[in-house]
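Novice: just the structure for this:
(one chain, ligands or ions: 1)
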Amino acid sequence: MKDRLEELRTEGLQALGAASSLSSLKASEVQLLGKKGALTTLLKGVGALPPEERPLIGQLANQVKKAFAEKVASVSTALKEAQIAAELDSAGFDSTLPSAPLTLGGAHPVQVITRELEDLFLSMGFRVADGPEVELEANNFDALNIPADHPARESHDTIWVQEAAGETPGLCMRTHTSPVQIRTLREAGAPLRVIAPGRVFRQETQDATHDHTFHQMEGLVVDRGVGVPQMLHAMNAMIEGVFGKHLKTRIRPGYFPFVEPGFELDAQCPFCEAGCSVCKGSRWIELIGCGLVHPKVLKKSGVDPDIYSGFAFGVGLSRLAMLRYGIRDVRWMLGGSISFLSQFSE
Ligand code: PHE
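Specialist: Numbers count the residues shown, from 1 in each chain. Modelled structure (predicted):
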């Protein structure tokens, strides 16, 4: 029995190895391993053997079975590869030709600037905070001293989140990063230094300088004795960090209900000499809103305005990127065009 098994192994492996097609391989496999195959037939004789020989024969039979299965797998792979190679060859395909060059992605211009500003502010002792894009009306407006009937709400053209039933649950897409001021003040209290970059949303008619989705970065410093000089220092550090010393800026009074006094910082339009569609003919582009945190905002967030004061700013990251890279249309930022984006990959 042992010799016949060995013989079968040799013959079987030879037969499998000689198969010239997948179908003849299959036929040999059935002949050897099938229900009526050679191995099964041979093993029917095991019952007639003396009991002490049976385990040895069983072990050997398993080895033979395994050797056959392995051979079937390797011959089948080789046959399939040969078939593919033959097909490619007859189609005139040269698998040794080099492939088209791979294109690598890169950082988005807004991301490049965000990372730079994070590094800059971290080096000045700030930490990076985050807030949700779907925000409570109470945080986006009320806690920031923007009452229900205030025209500032309209200037923000809010995208409201409505429940299926049609009621307004007091949720909106945040119109600015300022609600992160409220969240961090309530969570961490004073003293505090944070920045909060992120996406904001407005119900906006799109044009070269307005999109429904864009990026801002909030900054907030609350401590004893913080005033306008510290605020101006931070603004200058930010502008110089992104543009060097070349960008011309101006600061003027601006109104935001959550700061007092409030300012707007504009940059001189780099796209024109005498007014264009980007600066709307004014030669200046609004870049940053800022001011000293309104005592009411501090109080509502649990900070005592008799002890602490602070400054806050909100900078348009999309606008910074437009100015630095000479991008004339904010809609390109989120347009997803590869030819646009590939200009910024390093
Ligand atoms: N949140 C304001 C806006 O989006 C900008 C701002 C932030 C102004 C902080 C003052 C202080 O227009």
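Novice: K299 contacts P305, doesn't it?
Specialist: Yes: shown here, K299 and P305 form a contact pair, counting by C-beta atoms under 8 Å, at 5.7 Å. The C-beta positions use only the backbone N, C-alpha and C, and glycine is treated the same way.
Novice: who has more neighbours, these two?
Specialist: Ranked by neighbour count (other C-beta atoms under 10 Å), K299 and P305 place P305 first, with 16 against 13.
Novice: go ahead and confirm S309 touches V221.
Specialist: No: contact between S309 and V221 fails when scored by C-beta under 8 Å: they sit 9.4 Å apart.
Novice: give me the more crowded residue out of those two.
Specialist: For S309 versus V221, the count of surrounding residues by other C-beta under 10 Å is larger for V221: 23 against 20.
Novice: you'd agree Q14 is in a strand?
Specialist: No: counting by DSSP: H, G, I helix; E, B strand; the rest coil, Q14 is not part of a strand but helix.
Novice: from the ligand, how far off is it?
Specialist: According to C-beta to the nearest ligand atom, to the nearest Å, Q14 stands 81 Å off from the ligand.
Novice: same question for G37.
Specialist: From G37 to the ligand the distance is 80 Å (C-beta to the nearest ligand atom).
Novice: oh, and call the first residue 56 from now on, that's how I've got it
Specialist: From this message on, residue numbering opens at 56, which makes the last subject G92.
Novice: so what's that residue up against?
Specialist: With contacts defined as C-beta atoms under 8 Å, 6 or more residues apart in numbering, the neighbours of G92 are V85, Q86.
Novice: tell me the secondary structure at A140.
Specialist: Local secondary structure at A140 is given as helix here, using three-state DSSP.
Novice: that one: neighbour count?
Specialist: Every residue meeting other C-beta under 10 Å relative to A140 is counted, giving 12.
Novice: so for it, what's the pLDDT?
Specialist: According to the prediction, A140 has pLDDT 87.
Novice: where along this protein do the helices fall?
Specialist: For the chain, helices defined by DSSP state H occupy the ranges 57-73, 77-88, 93-98, 109-145, 164-178, 192-195, 206-210, 234-243, 283-298, 350-355, 372-380, 393-396.
Novice: next one, pLDDT for the nearest residue to L71 once chain neighbours are set aside please.
Specialist: Sequence neighbours aside, K126 is the residue nearest to L71 in space, at 4.5 Å (criterion: C-beta to C-beta, 6 or more residues apart in numbering). Per-residue confidence at K126 stands at 92 (pLDDT).
Novice: go on, L80?
Specialist: The model reports L80 with a pLDDT of 90.
Novice: again with the one 3 residues further on
Specialist: pLDDT, S83: 90.
Novice: what number of residues lie near it?
Specialist: Around S83 there are 21 other residues, counting by other C-beta under 10 Å.
Novice: could you find the closest non-adjacent residue to it?
Specialist: Distances taken as C-beta to C-beta, 6+ apart place A70 nearest to S83, at 4.7 Å, with adjacent residues excluded.
Novice: from the ligand, how far off is G336?
Specialist: As it turns out, when the distance is counted by C-beta to the nearest ligand atom, G336 lies 21 Å from the ligand.
Novice: oops, could you answer that again for A73 instead?
Specialist: With C-beta to the nearest ligand atom as the criterion, A73 and the ligand are 79 Å apart.
Novice: got the residues of the stretch 206-355 of the chain near the ligand?
Specialist: For the stretch 206-355 of the chain, the residues in contact with the ligand under the definition C-beta under 6 Å from any ligand atom are H231, S233, F311, V314, G317, G344, C345, G346.
Novice: touching, the fifth one and I306? I think so.
Specialist: Yep, that's G317 we're talking about. No: using C-beta under 8 Å, G317 makes no contact with I306, being 10.8 Å away.
Novice: G67 - nearest residue in space that isn't next to it in sequence?
Specialist: Computed as C-beta to C-beta, 6+ apart, the closest residue to G67 that is not its neighbour in sequence is L87, at 4.7 Å.
Novice: so the one you found sits right up against A70, yeah?
Specialist: Yes: because the distance of 7.3 Å satisfies C-beta under 8 Å, L87 is recorded as touching A70.
Novice: show me which of those two is the more surrounded one.
Specialist: Legend: neighbour count by other C-beta under 10 Å for L87 and A70, higher for L87 (24 against 19).
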